[in-house]
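**Student:** Need the 3D shape of this:
(3 chains)
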Amino acid sequence: MPELPEVETVARGLQKTVAGRRIVSVTLSKTDFIDDPSALETHVPGQSIERVERFGKFMLMRLRKEAAHQPTSSNAGGDSLLVHLGMTGHLSPHPVSEPSPKHTHVRFLLDDGRELRYTDARRFGRMAFLAAESLPAELNRFGADPLEISDAAFAALMQSRRSRIKALLLDQTALRGVGNIYADESLWRSRIHPMRIAATLSANEARALQKNLQAVLREAIALRGSSIIDFLDAGGEPGKYQRRHRAYGREGKPCYRCKRPICRVIVAGRSSYFCPNCQPRPRSRPRQGKRRKPVTAGRKRTS
DNA sequence: CTCGATCCCTGGACGC
DNA sequence: TGCGTCCAGGGATCGA
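**Tutor:** Predicted coordinates for the structure are as follows:
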């Protein structure tokens, strides 16, 4: 499932193989995962792919109009194409002569005779053409990049939330790019239970989580991501990071630290793998309503 | 603010 | 061999 490292891998691959190419035409089949299919068909042909970047779990393809009088400042204010791979999305260039696999929903014909194809069996992905003026608002909906966030901002984020840490890590408006695998891996490394309330993490725990999250993401990028089901990079190659998983997908298998079996619980609607020994349950059950009586003195004024 | 439930969608795993 | 059922899971949405 493409998360930050997988998307980074694909984006780097596309940057090498299709940046600079002009899109000659666009062919759509299923379009229910595209924000505005006709805008895509209308505005993309004729533009060239200036750069391919990652933004959270999105691929951000910056376009440039070939027409002569466009602002030459290039990447500042062009249109762009946003692509989310969802669970099963693939985006890669192929010779047009090569038959398209099933579930190929978008084909961008390039000026060098290849085709950039988007295939996605489950169509959990998303594609959107964004005119220059609408890009900032779209990107602003998302939180900080976990690899770039400052220590202070990460600590402040943890302190400000009463949600369970696993849910917070998955919240794209808080941090962009973290998904189920890397959330679990970073919590395991940090010895933090997925149901801990974020604001109850100590300063040391928060710092450890930040560093471990960043380390996990960097290592995964170096190994070109995790291939669980069918992730493939832009060159059709699987990643290798799944071999390094210490928690994710290991229910019942021994913890790499203490040998006790890894457990699975559902948090934030997602399977969460953790070691019950190394990652102890929070003391009080999160959100149990009435615990103790309001006790005398101070009710904090909350609003 | 935060939660769980529900839906989207298809293919792979599993049981008989 | 074939069929039915369950499950995975990112994200949007809705009601609590």
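
**Student:** can you give me the strands for the stretch 201-303 of chain A?
**Tutor:** Using DSSP state E, counting those that start in this stretch, the strands of the stretch 201-303 of chain A run over A:263-267, A:270-274.

**Student:** Is any residue of the last one near DNA strand B?
**Tutor:** No. Where contact is defined by C-beta under 7 Å from any atom of the strand, no part of strand A:270-274 touches DNA strand B; the two come within 9.5 Å at best. The way it works is simple: take the backbone N, C-alpha and C, and place the C-beta from them, glycine included.

**Student:** how about the helices in chain A?
**Tutor:** Defined through DSSP state H, the helices belonging to chain A, from first to last, are A:4-17, A:37-43, A:135-139, A:151-160, A:165-170, A:180-190, A:203-222.

**Student:** Compile those helices into JSON lines and extend it with columns for mean pLDDT, distance to DNA strand B and mean neighbour count.
**Tutor:** Compiled in JSON lines, these are given as follows (pLDDT from 0 to 100; distance: least, C-beta to the nearest atom of the strand, whole Å; neighbours: other C-beta atoms under 10 Å):
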{"stretch": "helix A:4-17", "mean pLDDT": "92", "distance to DNA strand B": "18", "mean neighbour count": "23"}
{"stretch": "helix A:37-43", "mean pLDDT": "93", "distance to DNA strand B": "15", "mean neighbour count": "16"}
{"stretch": "helix A:135-139", "mean pLDDT": "91", "distance to DNA strand B": "18", "mean neighbour count": "14"}
{"stretch": "helix A:151-160", "mean pLDDT": "94", "distance to DNA strand B": "7", "mean neighbour count": "15"}
{"stretch": "helix A:165-170", "mean pLDDT": "94", "distance to DNA strand B": "4", "mean neighbour count": "24"}
{"stretch": "helix A:180-190", "mean pLDDT": "92", "distance to DNA strand B": "13", "mean neighbour count": "25"}
{"stretch": "helix A:203-222", "mean pLDDT": "94", "distance to DNA strand B": "15", "mean neighbour count": "18"}
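
**Student:** Which of these sits closest to DNA strand C?
**Tutor:** The minimum distance between DNA strand C and the helices of chain A falls on helix A:180-190, with 3.7 Å, by C-beta to the nearest atom of the strand.

**Student:** Counting by contacts, list what the closest one packs against.
**Tutor:** Contacting helix A:180-190 under the criterion 3 or more C-beta pairs under 8 Å, 6 or more residues apart in numbering; DSSP states H and E are the following elements: helix A:165-170, helix A:203-222, strand A:270-274.

**Student:** who in the stretch 51-200 of chain A is up against DNA strand C?
**Tutor:** Within the stretch 51-200 of chain A, the residues that sit near DNA strand C (C-beta under 7 Å from any atom of the strand) are A:56-57, A:84, A:86-88, A:122, A:124, A:170, A:172, A:179-181.

**Student:** hmm, 6 Å instead?
**Tutor:** A:57, A:86-87, A:122, A:124, A:172, A:179-180 (C-beta under 6 Å from any atom of the strand).

**Student:** Count the neighbours of A:Pro254 for me.
**Tutor:** Neighbours of A:Pro254 under the rule other C-beta atoms under 10 Å: 12.

**Student:** show me the contacts for the closest residue to it other than its chain neighbours.
**Tutor:** In this structure, A:Pro254 finds its nearest non-sequential neighbour in A:Pro261, 6.3 Å apart by C-beta to C-beta, 6 or more residues apart in numbering. The neighbourhood of A:Pro261, defined by C-beta atoms under 8 Å, 6 or more residues apart in numbering, consists of A:251-255.

**Student:** Let me know the pLDDT of A:Pro261.
**Tutor:** According to the model's per-residue confidence, A:Pro261 sits at a pLDDT of 91.

**Student:** Filter the contacts of A:Pro261 down to the buried ones.
**Tutor:** With burial judged by 16 or more other C-beta atoms under 10 Å, the buried subset of the contacts of A:Pro261 is A:Cys255.

**Student:** Turn the contacts of A:Pro261 into JSON lines, columns for pLDDT.
**Tutor:** Conversion of these to JSON lines gives the following (pLDDT from 0 to 100):
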{"residue": "A:Glu251", "pLDDT": "88"}
{"residue": "A:Gly252", "pLDDT": "88"}
{"residue": "A:Lys253", "pLDDT": "89"}
{"residue": "A:Pro254", "pLDDT": "92"}
{"residue": "A:Cys255", "pLDDT": "93"}
